[in-house]
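Student: how does the following fold in three dimensions:
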Amino acid sequence: MELWAGLECSVARIGDGVYDQFAVGGHYDRKTDIDRVADMGIRTVRYPVSWERICPDGNLAHADWDWTDRQMRNWQDRGVSVIAGLVHHGSGPIGHTSLVDSEFPVKLAAFARAAAERYPWVTHWTPVNEPLTTARFAALYGVWYPHHTSEESFARALLNEVRGTVYAMREIRKVIPDAKLVQTEDLGRTYATKRLAYQADFENTRRWITWDLLSGFVRNDRHRMWGHLQWSGIPTHELEELADSPCPPDVLGINHYLTSERFLDERCERYPEQVFGSNGRDRYADIEAVRALADGLRGGMGGVLKEAWDRYRIPIAVTEVHLGVQDEAEQMRWFADVWHSAQYVREAWEADIRAVTAWSVFGAYDWNSLMTRHERVYERGIWDVAEPNPDGSLRETQLAGLVRALAQTGETPPLEALAAPGWWQCDLRFLYPTVEAHELAGNGIRTRPLWKPAKFATALREKQQVASQSR
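Tutor: Reported below is the predicted structural model:
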């Protein structure tokens, strides 16, 4: 199993402006970032060939490839393979298109063709990062552009992104016949009280929709989302087009965070108002499951990996691992937890899990507000760009030692911090009244904990004993 890396590269449109993570985080100006990643022993990186940055007015004749050309050559010179992303939580060039523009798919495909011609050595592509997640936040919740809040806009944005992915891969493969689609998506699971079982069931069906559409699974009304998408205004011929000409991912890119598992509860008096939502039938709180469920993460990373493997039986990579906390030891514990969960599923069920990705290696800004506020709230990665060393160089965080060891040896070193449980495994995690398993609608199979900190505590003690005996 390999260790990959990724740089937080969102170009999210907020109103008439753009939140560019590379600009805010300083990546455009630093000359040594690529060397730092390569020197870790990392040989594959998720990196943008950004439509909005390269072609901001949408006219390919005006495209400015210079900066991206230099970066791509540098990656190539260092022997690092790039998984090229074209749209990362964006909506396309301002004034040229948007997620709800009927021409979005063909316009994205034209840019994809130009990118493939520019970088014919790139074999792995992600035309649109997290289509479902982006459609939800841009067209259902109104957070990102076009700031719509309807099922109709959500469905249109989703279909445009998926069709854009299909069209883009067709154009890329005209230039690079063996090009591979690495399709990323946030994947979790929703739990609920018995009253809200119907909503959890819908959420747990919808979470697969990106990969199901690409794979041709949404073929008729036997798939629950077929009727829902038609009800939301998607013409039958668009769904049939995807079903008849599928473009299944070559690699499923699974992004899973501690916030990816949700719990729905109609007992709103237990929770603060900012977590309330409604489906038109019931009003309920939508919270992180880990903050209330008595037995914590019921599935976690291992659970969703096994579900994805059972559903698709195609290669999988964990394409984002990041924990946005100030405690660097907790970041290490989360990464180790995910790594060993992936190993467990790989070995126990012979799942083809190729890699785990250290995401946001140079950190990320303002994700606490989904980039809607420029407050420079920083989350560290492998390096801390906000508080450098006294000589001005980037400071390595504690996570760097773990990532370096995994990249170079594939083994978790017996680091002292890993002997302790993460906050998600302790009572510190509770923010709300606890919910017992019998209160849930359908308890499911609980697969956690998959990683035992005691194993690493034992290894640490053995290492310390050897060191003391050698002195």
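Student: any stretches of this protein with poor pLDDT?
Tutor: 443-471 (pLDDT under 70).
Student: for the residue positioned nearest the centre of it, which non-adjacent residue is spatially closest?
Tutor: Centroid check for the chain by Cα atoms, centre = their mean gives residue 255 as the closest residue, at 3.4 Å. In space, and not counting its chain neighbours, residue 255 is closest to residue 320: 3.8 Å by Cβ to Cβ, 6 or more residues apart in numbering. Just so you know, the C-beta spots here come from the backbone N, C-alpha and C atoms, and that holds for glycine as well.
Student: with residue 142 instead?
Tutor: residue 149 (4.3 Å).
Student: now do the SS call for residue 4.
Tutor: Per DSSP: H, G, I helix; E, B strand; the rest coil, the local secondary structure of residue 4 is strand.
Student: looks like it contacts residue 319 (just checking).
Tutor: Yes. Using Cβ atoms under 8 Å, residue 4 makes contact with residue 319 at a distance of 7.4 Å.
Student: got any residues that touch both of the two?
Tutor: Residues touching both residue 4 and residue 319 (Cβ atoms under 8 Å, 6 or more residues apart in numbering) are 46, 357.
Student: how far away is residue 46 from residue 311?
Tutor: For residue 46, the distance to residue 311 (Cβ to Cβ, to the nearest Å) stands at 23 Å.
Student: same question but for residue 382, I mixed them up
Tutor: 32 Å.
Student: more neighbours: the two, which one.
Tutor: Between residue 382 and residue 311, counted using other Cβ atoms under 10 Å, the more crowded position is residue 382 (27 against 14).
Student: got the contact list for the more buried one?
Tutor: With Cβ under 8 Å, 6+ apart, residue 382 has these contacts: 5, 40, 358, 361, 362, 396, 397, 399, 400, 403.
Student: residue 31: which of those is nearest?
Tutor: residue 362 (13.4 Å; Cβ to Cβ).
Student: tell me where the stretch 201-350 of the chain has helices.
Tutor: Using DSSP state H, counting those that start in this stretch, the helices of the stretch 201-350 of the chain run over residues 209-214, 224-231, 236-244, 300-312, 328-348.
Student: as TSV, these with distance to residue 17 would be great.
Tutor: Shown next, in TSV, are the helices of the stretch 201-350 of the chain (distance: least, Cβ to Cβ, whole Å):
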stretch	distance to residue 17
helix 209-214	27
helix 224-231	31
helix 236-244	31
helix 300-312	34
helix 328-348	30
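Student: give me whichever of the ones you listed is most buried.
Tutor: Mean neighbour count (mean count of other Cβ atoms under 10 Å) peaks for helix 209-214 among the helices of the stretch 201-350 of the chain, with a mean of 25.
Student: before we move on, back to that, against residue 6, how distant is the residue nearest to residue 255?
Tutor: From residue 320 over to residue 6 the distance is 7 Å, taken as Cβ to Cβ.
Student: and if you look at residue 296?
Tutor: Distance of residue 296 to residue 6, computed by Cβ to Cβ: 27 Å.
Student: picking up where we left off before, what about the residue nearest to residue 142, neighbour count?
Tutor: Neighbour count for residue 149, taken as other Cβ under 10 Å: 11.
Student: just to revisit the earlier point, just the contacts of residue 382: which are in strands?
Tutor: Using DSSP state E, the subset of the contacts of residue 382 located in strands is 5, 358, 396.
Student: what sits against the residue lying closest to residue 132 once chain neighbours are set aside?
Tutor: Once flanking residues are discounted, residue 132 sits nearest to residue 210: 4.8 Å by Cβ to Cβ, 6+ apart. Taking Cβ under 8 Å, 6+ apart, we find residue 210 in contact with 130, 131, 132, 158, 161, 162, 183, 185.
Student: rerun at 6 Å
Tutor: Residues near residue 210 by Cβ atoms under 6 Å, 6 or more residues apart in numbering: 131, 132, 185.
Student: specify the local secondary structure of the residue nearest to residue 142.
Tutor: Per three-state DSSP, residue 149 ends up coil.
Student: give me phi/psi at it?
Tutor: Reported as degrees, to the nearest 10, the phi and psi values for residue 149 are phi -140, psi 50.
Student: distance of it from residue 133?
Tutor: Applying Cβ to Cβ to residue 149 and residue 133 gives a distance of 16 Å.
Student: got it, and residue 204?
Tutor: 15 Å.
Student: what does residue 425 give?
Tutor: As for residue 425, its distance to residue 133 is 26 Å (criterion: Cβ to Cβ).
Student: check residue 248 too.
Tutor: In terms of Cβ to Cβ, residue 248 sits 20 Å off from residue 133.
Student: what about the two, which has more around it?
Tutor: Applying other Cβ under 10 Å to residue 248 and residue 133 shows that residue 133 carries more neighbours, namely 18 against 15.
Student: that one: which element?
Tutor: helix 131-135 (DSSP states H and E).
Student: could you check how far that helix is from the centre of its chain?
Tutor: Taking Cα atoms, centre = their mean, to the nearest Å, the mean C-alpha location of helix 131-135 is offset from the chain mean by 11 Å.
Student: what's the answer for stretch 16-25, then?
Tutor: 19 Å.
Student: closest to residue 61 out of the contacts of residue 382?
Tutor: For the contacts of residue 382, the nearest to residue 61 is residue 362 (32.6 Å; Cβ to Cβ).
Student: residue contacts, the closest one?
Tutor: Residue 362 touches 25, 381, 383, 385, counting by Cβ under 6 Å, 6+ apart.
Student: got it, and residue 188?
Tutor: Here residue 188 is in contact with 260, 261 (Cβ under 6 Å, 6+ apart).
Student: how near is the residue lying closest to residue 221 once chain neighbours are set aside to residue 432?
Tutor: The shortest distance from residue 221 to any non-neighbouring residue, by Cβ to Cβ, 6+ apart, is to residue 227 (5.5 Å). Distance, residue 227 to residue 432, by Cβ to Cβ: 35 Å.
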